[in-house]
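K.L.:
Sequence and predicted model, in that order:
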Amino acid sequence: MPVYSNYIDDESRLSGKCFNSGKEIVIGDLHAEYSLYLKNIPTPSQGDQPVSLIYLPLTVNEKMLGVITVQSFSKNAFSAYHLYMLRTIAVYAAIALENADSFNKLTLTVDSLQQTQKQLIESEKMASLGELTAGIAHEIQNPLNFVNNFSEVNTELIEEMQQEIDKGNFAGAKEISNDIKENEKKINHHGKRAGDIVKGMLQHSRNSSAAAKELTDINKLADEYLRLAYHGLRAKDKSFNATMKTDFDQHIGNINIIPQDIGRVILNLITNAFYVVDEKKKSGIMSYEPTVFVSTKKVNNTIEISVKDNGNGIPQKVMDKIFQPFYTTKPTGKGTGLGLSLSYDIIKAHGGEIKVENKEQEGAAFIIILPV
Ligand SMILES: Nc1ncnc2c1ncn2[C@@H]1O[C@H](COP(=O)(O)OP(=O)(O)OP(=O)(O)O)[C@@H](O)[C@H]1O
Ligand SMILES: [Mg+2]
């Protein structure tokens with residue numbers, strides 16, 4: 001017989017009667033006994049009319065889980081022994097169902113616990129500046145090592161150069177001086193890098209509450225920082241170019257924020273976006289048009305500021321770490337990895353959040369959500 005179903009609480013059926021009352025129904029001759037339970041004789045959903053029927057409630061701790069039934073086309077088909085057997089089966093079936101249900105609930109609880117734990121770890125990572133100390137020491141140690149090593153090498157080279165000069169070998173001395181010059185550049189590069197890290201750190205630990213919130217035209221702010229980011233990058237690299245698209249919701253009005261802080265967040269996001277589209281362009285994909293899209297939108301009691309790019313998106317293993325301080329996939333000297341962690345702190349201080357929408361190979365969107 002094919003599978004069929006009825007509503008468990010359908011009062012016009014014996015199964016529904018049994019479920020709703022929680023009482024056993026045992027019938028040896030349907031035609032003679034149906035009226036004890038129902039007004040009309042029930043029509044079978046599938047197949048012929050059974051004559052003998054047993055319905056037993058499936059209960060655990062007075063909770064109704066369902067009904068178990070056995071039916072036959074013969075009159076008085078079931079003995080007391082059959083009924084006894086079926087009752088035993090019903091008890092075990094009910095316990096098994098209850099266990100399955102508990103297991104499901106347990107799995108859900110474990111899932112939600114894991115989720116909560118993940119969030120806790122995240123907020124712990126973001127919130128405590130103290131934890132940064134080890135990271136800073138490590139980060140600054142690295143460029144400092146370079147600076148120390150290269151300057152030691154240069155001291156030796158200068159000695160050698162002086163010896164060459166004493167010998168009158170000016171060509172050799174000049175050659176050595178070129179090496180010294182190269183090393184000097186490296187020292188400068190790594191020194192700058194250490195400087196950048198310290199600068200980023202100062203921004204991180206700076207007490208934002210000192211700066212006041214003010215009513216700000218968020219569209220104007222976003223537009224200003226978009227231009228700032230674009231021209232900043234163009235100044236460093238003449239070959240840099242990207243299409244900028246904007247879509248500003250004109251109904252937002254002024255919102256209460258610390259403009260320089262939110263501006264810095266927007267700048268970070270836009271700089272990241274420009275960087276990835278530029279990298280993608282440099283990788284030589286045909287007919288690729290690097291594009292960064294900045295938009296604002298009022299949604300109920302929040303303002304959304306979105307910075308979207310058509311780069312390559314963020315690989316999952318990178319995604320888990322992007323908000324961690326000092327996490328960067330950029331080559332040495334190109335990024336400190338503080339942009340997003342700083343942005344996260346600022347947005348959190350504003351009572352908002354940053355969402356990431358990501359499609360690998362197609363780009364990423366960072367959405368700042370601020371309460372108004
Ligand atoms: N739009 C984006 N598309 C793809 N990856 C991104 C994007 N934005 C950020 N990332 C990834 O997140 C990492 C961390 O970003 P974050 O802004 O914190 O640091 P950074 O840009 O590397 O350095 P900094 O901002 O300090 O110059 C980046 O190195 C990059 O791997
Ligand atoms: Mg950045």
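P.N.:
Nice, thanks for sending it over. Ligands and ions are numbered 1, 2, ... in the order given.

K.L.:
and the strand or helix carrying residue 20, what does it pack onto?
P.N.:
Per DSSP states H and E: residue 20 is located in helix 14-21. In terms of contacts (3 or more C-beta pairs under 8 Å, 6 or more residues apart in numbering; DSSP states H and E), helix 14-21 is packed against strand 25-27, strand 52-60, strand 63-72. C-beta here means a position set from N, CA and C on the backbone, and glycine is covered the same way.

K.L.:
most tightly surrounded among those strands?
P.N.:
strand 52-60 (a mean of 21; mean count of other C-beta atoms under 10 Å).

K.L.:
what does that strand rub up against?
P.N.:
Strand 52-60 has contacts (C-beta atoms under 8 Å, 6 or more residues apart in numbering) with 14-15, 17-19, 22-30, 64-72, 74-78, 82-83, 86-87, 90, 93-95, 97-98.

K.L.:
And it, how far out from the chain middle?
P.N.:
From the chain centre to the centre of strand 52-60 is a distance of 48 Å (C-alpha atoms, centre = their mean, to the nearest Å).

K.L.:
how many degrees apart are it and helix 14-21 in direction?
P.N.:
Here the directions of strand 52-60 and helix 14-21 differ by 30 degrees (axes from the mean of the first three to the mean of the last three C-alpha atoms, to 10 degrees).

K.L.:
Setting the sequence-adjacent residues aside, check what's closest to the residue of the stretch 251-372 of the chain found nearest ligand 2.
P.N.:
At 2.7 Å from ligand 2, residue 339 is the closest residue in the stretch 251-372 of the chain, using C-beta to the ion. In space, and not counting its chain neighbours, residue 339 is closest to residue 268: 4.0 Å by C-beta to C-beta, 6 or more residues apart in numbering.

K.L.:
And for residue 52?
P.N.:
Nearest to residue 52 is residue 77, by C-beta to C-beta, 6+ apart, at 3.9 Å.

K.L.:
near ligand 1, which residues of the chain?
P.N.:
The chain comes close to ligand 1 at residues 268, 272-273, 276, 309, 311, 314, 318, 322, 327-330, 335-341, 364, as judged by C-beta under 6 Å from any ligand atom.

K.L.:
List the contacts of stretch 16-23.
P.N.:
Contacts for stretch 16-23 (C-beta under 8 Å, 6+ apart): 6-11, 24-25, 37-38, 55-57, 59, 64, 66-67, 69.
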